[in-house]
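A.B. asks: coords please:
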Amino acid sequence: MLFRFEETAHVTKEELSAQAPNLEPYLERLNRVAEADNYMYEESSINLPFDAEIVEKVLKLREKYVSPKLRYILDIGIGGSNLGTKAIYDSMYGYFDLVEPDRFPKMIFADTNDPAFIYKLYEFLRTHITDPREMVINAISKSGRTTETIVNLDIITSNVPFAKDRLVITTDFNSDLWKTARSLDIDCLPIPGKVGGRYSVFSSVGLFPLACQGVDISELLKGAMEARRECLNKNPLKNPAAVSAIIIFANYIKGKLINDQFFFHPELESLGKWYRQLMAESIGKDGKGVTPTVSIGSTDLHSMGQLYLGGIKDKLFTFVSTKNPKIDISVPQEPLLEILSEVEEKTTSEVMNAILGGVKAAFLKHDLPFMEIMLDNISPLSLGQFMQFKMVEIMILGKLLGVNAFDQPSVESYKQETRKILRS
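C.D. replies: This next block holds a predicted model:
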């Protein structure tokens, strides 16, 4: 993974150096958390990639539930319980589901209580699944009391005859959901207590459904391990997560209140939505916060480009692309419609690279700040690197802003009000 910022982020070496001493104690703390190798601290999610016990439990259950007959993994969860899983699945497979109808297994995400979707999902399971081995159901709720998740779980398990026998619950050890599931002899996977949902993708929350789907979780975790090593460098100026956090903070002070992740691969859109929750829920508190948005190149150049280049300059951008596409295809030398001679015999990756280059040149011309992340490719290894990098970045950004990057008190208030309404 390549991280660039030097000439484009609107942050000088002096600004970086000025903030660096403020982060040295926190980087020392992160290293102590890593050395402790347990889950006693709020930052303990950084230890997940190295936890062999979690991987062993996940793979053991995978052997129990996965067979050549498996066609669908139903992931029931919301927010941190499913966004990381969906980010990885969509990046690798999900964006292409429509044009790969014969590729199985596929993942279905029940992340809403929208009645039309839940009804159609129920009907699909009832009419299309003839052999229980075709389905694995994984319900995830850290607290064990997430309204949206429990509603969907109750509907599915009450109306699909085989659901109980194909169900795995992922929740906090001894939560209400855990206790109920175990009393019914349903398999459970624990989430380490101090690991919050938005930091949990490398726990059983993400690893079990992804392993069932066929994602190489060892490569995913290897990428996360590599990124953790770099992002725990005690010298902030040589630590990519610390540098990125300082750049976001410095631009925030200058009025850049919107942080746009601009992905030049549409299959990475869900990865952007995962990061959107990570940033918003971690630092949006105490009257502070940066608003995270997601753009897709080149689609959003035709919907948002005018605003970005000609509108108010309140945004910091990060362009995310890859070095090596897995597949490429060329425009014919003599196409049927000879309209743009400059694209003849060009590959689609060459076209996308030219668009990205044009965007960067235009942003420089309009004096817009941006960083650039270039992944080697779209693979479990690269996704693991990116996600671990971003999680440490947000922890450090919370420290710079002076907010707790691990709680979400305002989200809890909406949950309490929802339950009041349902009880009335």
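A.B. asks: what domains does the record give for this structure?
C.D. replies: 2-31+221-407, 38-215 (automatic domain parsing).
A.B. asks: Which neighbouring elements make contact with the lengthiest helix in the chain?
C.D. replies: Using DSSP state H, we find that the single longest helix of the chain is helix 13-36. For helix 13-36, the packing partners by 3 or more C-beta pairs under 8 Å, 6 or more residues apart in numbering; DSSP states H and E come out as helix 240-253, helix 380-401. Where C-beta positions appear, they are placed from N, C-alpha and C, glycine not excepted.
A.B. asks: can you tell which of these is closest to residue 25?
C.D. replies: helix 380-401 (9.0 Å; C-beta to C-beta).
A.B. asks: helices and strands around whichever helix or strand comes after that closest one, which ones?
C.D. replies: Sequence order places helix 409-423 as the next helix or strand after helix 380-401, per DSSP states H and E. Here helix 409-423 is seen to pack against helix 147-159 when contacts are counted using 3+ C-beta pairs under 8 Å, 6+ apart.
A.B. asks: Just the buried positions in the helix it packs on, please.
C.D. replies: 148-150, 152-153, 155-157 (16 or more other C-beta atoms under 10 Å).
A.B. asks: Quick one: mean pLDDT over that helix.
C.D. replies: Averaged over helix 147-159, pLDDT sits at 93.
A.B. asks: do stretch 76-92 as well
C.D. replies: pLDDT averaged over stretch 76-92 gives 97.
A.B. asks: Ok, stretch 289-307 next?
C.D. replies: Rounded mean pLDDT across stretch 289-307 is 96.
A.B. asks: likewise stretch 100-119?
C.D. replies: Rounded mean pLDDT across stretch 100-119 is 96.
A.B. asks: Off-centre distance for that stretch?
C.D. replies: Centre-to-centre, stretch 100-119 and its host chain are 18 Å apart (C-alpha atoms, centre = their mean, to the nearest Å).
A.B. asks: cool, stretch 91-111 as well?
C.D. replies: 17 Å.
A.B. asks: Repeat that for stretch 57-73.
C.D. replies: 23 Å.
A.B. asks: same question, stretch 190-204
C.D. replies: Distance of stretch 190-204 from the chain centroid (C-alpha atoms, centre = their mean) equals 13 Å.
A.B. asks: so what secondary structure elements neighbour the helix or strand that comes right after the longest helix of the chain?
C.D. replies: Per DSSP H and E, the first helix or strand lying C-terminal to helix 13-36 is helix 52-65. When contacts are defined as 3+ C-beta pairs under 8 Å, 6+ apart, helix 52-65 sits against strand 187-191, helix 204-213, helix 217-231.
A.B. asks: what does the shortest one contact?
C.D. replies: Read it as strand 187-191. 57-58, 61, 64, 142, 167-173, 178, 181-182, 200, 203-205, 208 (C-beta atoms under 8 Å, 6 or more residues apart in numbering).
A.B. asks: Now do that strand and helix 52-65, the angle between them.
C.D. replies: Strand 187-191 runs at 160 degrees relative to helix 52-65, counting by axes from the mean of the first three to the mean of the last three C-alpha atoms, to 10 degrees.
A.B. asks: ok, now the last one?
C.D. replies: Angle between the axes of helix 217-231 and helix 52-65 is 160 degrees (criterion: the same axes, to 10 degrees).
A.B. asks: Send me helix 217-231 as PDB with only the CA atoms.
C.D. replies: Presented in PDB, the C-alpha positions along helix 217-231 are these (Å, rounded to 0.1, in the frame of the first residue of the first chain):
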ATOM      1  CA  ILE A 217      -8.900 -14.800   6.100                       C
ATOM      2  CA  SER A 218      -5.300 -15.700   6.700                       C
ATOM      3  CA  GLU A 219      -4.300 -13.200   4.000                       C
ATOM      4  CA  LEU A 220      -6.800 -10.600   5.300                       C
ATOM      5  CA  LEU A 221      -5.200 -10.900   8.800                       C
ATOM      6  CA  LYS A 222      -1.700 -10.900   7.300                       C
ATOM      7  CA  GLY A 223      -2.400  -7.500   5.700                       C
ATOM      8  CA  ALA A 224      -3.700  -6.200   9.000                       C
ATOM      9  CA  MET A 225      -0.600  -7.400  10.800                       C
ATOM     10  CA  GLU A 226       1.600  -5.700   8.300                       C
ATOM     11  CA  ALA A 227      -0.300  -2.400   8.700                       C
ATOM     12  CA  ARG A 228      -0.300  -2.600  12.500                       C
ATOM     13  CA  ARG A 229       3.500  -2.900  12.500                       C
ATOM     14  CA  GLU A 230       3.800   0.300  10.400                       C
ATOM     15  CA  CYS A 231       1.100   2.100  12.300                       C
END
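A.B. asks: show me where the stretch 201-350 of the chain has strands.
C.D. replies: Counting by DSSP state E, counting those that start in this stretch, one finds strands in the stretch 201-350 of the chain at the ranges 258-263, 291-296, 315-322.
A.B. asks: Which neighbours in the sheet does the longest one have, and how are they oriented?
C.D. replies: Strands flanking strand 315-322 in the sheet, each with its direction: strand 258-263 (parallel), strand 370-375 (parallel) (DSSP bridges).
A.B. asks: Out of the ones you listed, which is the most enclosed?
C.D. replies: Among the strands paired with strand 315-322, strand 258-263 has the highest mean neighbour count (mean count of other C-beta atoms under 10 Å), at a mean of 22.
A.B. asks: Stretch 351-359: how far from the chain's middle?
C.D. replies: Counting by C-alpha atoms, centre = their mean, stretch 351-359 comes out at 25 Å from the chain centroid.
A.B. asks: whoops, I mixed them up, stretch 73-89
C.D. replies: 9 Å.
A.B. asks: May I see the buried residues of it?
C.D. replies: Quick answer for stretch 73-89 (16+ other C-beta under 10 Å): 73-89.
A.B. asks: quick one: which of those sit in strands?
C.D. replies: 73-76 (DSSP state E).
A.B. asks: any chance of those in JSON lines, with distance to residue 135 too?
C.D. replies: Converted to JSON lines, these look like this (distance: C-beta to C-beta, whole Å):
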{"residue": "73", "distance to residue 135": "8"}
{"residue": "74", "distance to residue 135": "6"}
{"residue": "75", "distance to residue 135": "12"}
{"residue": "76", "distance to residue 135": "12"}
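A.B. asks: Among those residues, which one lies nearest to residue 310?
C.D. replies: Nearest member of these to residue 310, counting by C-beta to C-beta, is residue 75, at 40.5 Å.
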